[in-house]
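[1] quick one, fold the following:
(2 chains)
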2 protein chains.
Amino acid sequence: MPVAMHEFRLIAAIRRVLGVEPAPPLLVGAGDDAAVLARSRNPTAVTTDSQIEGVHFRLAWLKPRAVGARAVEITLSDLAAMGARPRALVAAICFPRRFPMRDAISLARGVCAAGSRRACPVAGGNVAVYDGPLAVTLTALGELPGGRTPLLRSAAKPGHVLCVTGMPGLARLGLEALARGEESNRQLSSAVRKYLRPRARLKEAEFLAAETRLGAAIDLSDGLAGDLGHVLSESGAGAVLRPCYPRLYRTMCGLLDLDPEECFLGPSDDYELLFTVRSSSVERLGRLFRERFRRPLLAIGSICAERGLWIENAGGKRRRVTLASYEHKT
Amino acid sequence: MPVAMHEFRLIAAIRRVLGVEPAPPLLVGAGDDAAVLARSRNPTAVTTDSQIEGVHFRLAWLKPRAVGARAVEITLSDLAAMGARPRALVAAICFPRRFPMRDAISLARGVCAAGSRRACPVAGGNVAVYDGPLAVTLTALGELPGGRTPLLRSAAKPGHVLCVTGMPGLARLGLEALARGEESNRQLSSAVRKYLRPRARLKEAEFLAAETRLGAAIDLSDGLAGDLGHVLSESGAGAVLRPCYPRLYRTMCGLLDLDPEECFLGPSDDYELLFTVRSSSVERLGRLFRERFRRPLLAIGSICAERGLWIENAGGKRRRVTLASYEHKT
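    Coordinates of the predicted model:
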């Protein structure tokens, strides 16, 4: 949904206030997918996210129970991107005045059930009633299994291959289908489902981190260009993308009159994992991933030393992409 | 500020959804001041709170920086009530569209500075811009020092003395003074300060728990009758209150045409600690507390086996109080 320029400037300004250098007991502070508190042997990862009606979702598209479940998966996605295993959720829910009691209970049930499915019980929370839209703020605590080091945005190295656990832009196609009332078109159903029912890539992240030493990792919540931009700026590197659009993806783009490259790069709530890994590990990792999850791991490009972002076509021709043109759009 | 009946019913309904029996890894689940996650030797306490403009505070009364600091102290107050030491804060802030950037930065600075003062750095957070009032949701993580057991609402025993770290109702007097434009009256200034700049009783709680074995504990955020009601229902006990109103308190009530007993019992954002302790410890504890903090510890009554709440006057005459008459008022 539309994100104002103002919001990005606010976030950037507040990040500067929070500072970049984490103070003890923080191992990782603000600016990554989750913060990490170093305590005893198992560090605790913590992350928070607000889902607001009219900004992040619409009640016309989702039942209250699904709103709760969606908020859980979105919040846990940040833990996945740190390689952390969820331990507990805390919910702060602001209900509009006259929000039906039955719907409020359904929403709470949705949060609890989704948490339980992820072995991540709701530890408690806060409820308020106010003159504003439904706003669900969840905070998730996780732990790094076996004292493993957290997956950071800053660990991409030139030569690393860029991989994603699913096609960037699919959720954007689903959102567009919903916004245009095209959600019953069967060719768009996988995209609509992707937008409405995202799944945090927790098992995938844990599997990948156990199989090989990963480089940088982030979850795709703003869109590929934006999130990759974070990785590149934190890692002091650049990237060359070699996108390959599957036939159904092209068909969906055609139905919605959207450009595949714009969908691929632009804002999209995919909650897939974007990570980098040494090129020598990619083939084996892709095979193991497909065996385990019955889906392909997508290699979409590579990290280079020169700062910037390029798109390379099948013929090997490169074109520079400016991040700004994707960061502040719908 | 006014709290709708609806909100209490919503909270109660959602508590039922969350359930009362904590599942692993939760040592304490929903329904106390904070949840406690049992991990390794030092359990982690976690709590969340939303402060919303127009519901919990007004920007006409507080500068943005003070809004941030107040939210921190209010959130940490729940950790104090568990006997936990703050470790990290996570902030989710929803700003109204067109909220001035300068004010947003001041607010974030207020959160960070207040966190730093409490040795509790801001680990990260989330910022959103929406069509609603300023809403600051903070989640605090704490640890129980030396593996101490958390202070629960359920541990009050008949014979225990009820103590508070400050006079219940003082914040209500401050709120009334502000609402009526009487905040410049010097006799009301301590009450106004109490409402605008609450201080979590972290040092007090840690000191008390180190000096003696406390019974139940809760922080006063809803008002004495409401919060004591939680302790009594969780502990399966009753209480007899023997209030004593200091002269200034009576003067303030007179200026605002309020009944001292109603202020004492009714809704008030005091963020003082209410706890129970064996009667044999009270005198020594009171003396040590006064030496350490230069303020009195107030013994305001005692726990009895019979369920219910009574007020006893100086002559020893008891009168039953119904909780409901205080819980759902302004």
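[2] touching, A:Val111 and A:Leu89? I think so.
    Yes - counting by C-beta atoms under 8 Å, A:Val111 touches A:Leu89, with 7.1 Å between them. For the C-beta atoms, the positions are set from N, CA and C on the backbone; glycine is no exception.
[3] find the residues that touch each one of these two.
    A:Val72, A:Val122, A:Leu138 (C-beta atoms under 8 Å, 6 or more residues apart in numbering or on different chains).
[4] and which of these is nearest chain B?
    The shortest approach to chain B among those belongs to A:Val122, at 5.5 Å (C-beta to the nearest C-beta).
[5] how many neighbouring residues does that closest one have?
    Using other C-beta atoms under 10 Å in any protein chain shown, A:Val122 is surrounded by 28 other residues.
[6] which pLDDT value belongs to it?
    In this model, A:Val122 is scored at 90, pLDDT.
[7] beta-bridge partners for it, please?
    A:Val122 has these beta-bridge partners by DSSP bridges: A:Leu89.
[8] from memory it sits against A:Val111, does it?
    Yes - between A:Val122 and A:Val111 there is a contact under C-beta under 8 Å: 6.0 Å.
[9] name the residues contacting each of the two.
    With C-beta under 8 Å, 6+ apart, A:Val122 and A:Val111 have common neighbours A:Leu89, A:Ala91.
[10] what segments of the stretch 151-300 of chain A are strands?
    A:161-164, A:214-219, A:238-241, A:273-277, A:298-304 (DSSP state E, counting those that start in this stretch).
[11] who wins for proximity to chain B among these?
    Of all the strands of the stretch 151-300 of chain A, it is strand A:214-219 that lies closest to chain B, at 13.5 Å by C-beta to the nearest C-beta.
[12] show me what counts as buried in the closest one.
    Of the residues in strand A:214-219, A:Leu214, A:Gly215, A:Ala216, A:Ala217, A:Ile218, A:Asp219 count as buried by neighbour count, 16 or more other C-beta atoms under 10 Å in any protein chain shown.
[13] export it as CSV, just CAs?
    Taking Å, rounded to 0.1, in the frame of the first residue of the first chain, the C-alpha atoms of strand A:214-219 are listed here in CSV:
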residue,chain,number,x,y,z
LEU,A,214,25.5,-17.9,5.0
GLY,A,215,26.7,-14.3,4.3
ALA,A,216,24.2,-11.5,4.8
ALA,A,217,20.4,-12.1,5.3
ILE,A,218,17.3,-10.0,5.4
ASP,A,219,13.6,-10.6,4.9
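[14] show me what it is packed against.
    Packed against strand A:214-219 by the contact rule (3 or more C-beta pairs under 8 Å, 6 or more residues apart in numbering or on different chains; DSSP states H and E) you find helix A:64-80, helix A:224-235, strand A:273-277.
[15] distance from that strand to the middle of the chain?
    11 Å (C-alpha atoms, centre = their mean, to the nearest Å).
[16] just give me the neighbour total for the residue nearest to A:Arg148 when sequence neighbours are not counted.
    Closest residue to A:Arg148 apart from its sequence neighbours, by C-beta to C-beta, 6 or more residues apart in numbering or on different chains: A:Gly83 at 6.1 Å. Neighbours of A:Gly83 under the rule other C-beta under 10 Å: 27.
[17] how about A:Gly83, secondary structure?
    coil (DSSP: H, G, I helix; E, B strand; the rest coil).
[18] for the helices and strands packed on strand A:214-219, which one sits closest to chain B?
    helix A:64-80 (9.5 Å).
[19] show me what the closest one is packed against.
    strand A:44-52, strand A:85-96, helix A:101-117, strand A:135-143, helix A:202-211, strand A:214-219.
[20] nearest to B:Val46, of the ones you listed?
    Among the helices and strands packed on helix A:64-80, strand A:85-96 comes nearest to B:Val46, with 5.5 Å by C-beta to C-beta.
[21] buried stuff in that closest one?
    Buried, per 16+ other C-beta under 10 Å, within strand A:85-96: A:Arg85, A:Pro86, A:Arg87, A:Ala88, A:Leu89, A:Val90, A:Ala91, A:Ala92, A:Ile93, A:Cys94, A:Phe95.
[22] which one of those residues is nearest B:Ala237?
    Nearest to B:Ala237 among the buried residues of strand A:85-96, with distances taken as C-beta to C-beta, is A:Val90, at 28.6 Å.
[23] gap between stretch A:97-109 and the chain center?
    Chain-centre distance of stretch A:97-109: 27 Å, with C-alpha atoms, centre = their mean.
[24] show me what counts as buried in that stretch.
    So, applying 16+ other C-beta under 10 Å, buried residues of stretch A:97-109: A:Phe99, A:Asp103, A:Ala104, A:Ile105, A:Ser106, A:Leu107, A:Ala108, A:Arg109.
[25] residues in contact with that stretch?
    Under C-beta under 8 Å, 6+ apart, the answer for stretch A:97-109 is A:63-65, A:67-68, A:91, A:93, A:95, A:129-131, A:134, A:136, B:4, B:6, B:9-10, B:13-14, B:17-18.
[26] which residue would be the closest one in the stretch 201-330 of chain A to chain B?
    Counting by C-beta to the nearest C-beta, the stretch 201-330 of chain A gets nearest chain B through A:Ser221, at 10.6 Å.
[27] from B:Thr48, how far off is that residue?
    21 Å (C-beta to C-beta, to the nearest Å).
[28] those two: who's more crowded?
    Each of A:Ser221 and B:Thr48 has its neighbours counted (other C-beta under 10 Å); B:Thr48 has more, 25 against 21.
[29] run the chain-centre distance for stretch A:312-327.
    22 Å.
[30] wait, does that stretch make contact with chain B?
    No - applying C-beta under 8 Å from any C-beta of the partner chain, one finds stretch A:312-327 separated from chain B by no less than 15.2 Å.
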